[in-house]
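Novice: Fold the stuff below for me.
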Amino acid sequence: MEYKAALKEMVEINKTNVNNSFNTFILFQEQAEKMTDMFKAQTPWIPKESWGFVNGLINFNKKGVEDFRDSVNAGFDSYVEFIEKT
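Specialist: Numbers count the residues shown, from 1 in each chain. Take a look at the predicted model:
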């Protein structure tokens, strides 16, 4: 019985580490987005249609990271469920 508690604690520690890594990645992503916005403000000769493509890529990347994060968290949750059932 005690091994279940130890396993659950290890899973929670790993889940926290993964979430902290995702938060760090998101922080860098937001900083890159701010730099892109600053560059966009300083380059009026580039058409707005081109920036629409760049904004689409940024949003696509954000969605991909969030989907991956949700999948990883679901995996951790299912592992905890498995531990509790055994």
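
Novice: Which stretches in the protein count as strands?
Specialist: Using DSSP state E, no strands are found in the chain.

Novice: Helices of that one, start to end?
Specialist: 2-41, 48-85 (DSSP state H).

Novice: Can you lay out those as TSV showing mean neighbour count and mean pLDDT?
Specialist: Bear in mind the C-beta positions are built from the backbone N, C-alpha and C, glycine included. Output for the helices of the chain, formatted as TSV (neighbours: other Cβ atoms under 10 Å; pLDDT from 0 to 100):
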stretch	mean neighbour count	mean pLDDT
helix 2-41	12	93
helix 48-85	12	91
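
Novice: what distance separates stretch 27-36 from the centre of its chain?
Specialist: Relative to the chain's own centre, stretch 27-36 is displaced by 14 Å; criterion: Cα atoms, centre = their mean, to the nearest Å.

Novice: Identify the residues contacting that stretch?
Specialist: With Cβ atoms under 8 Å, 6 or more residues apart in numbering as the test, stretch 27-36 has contacts from 54, 58, 61, 62, 65.
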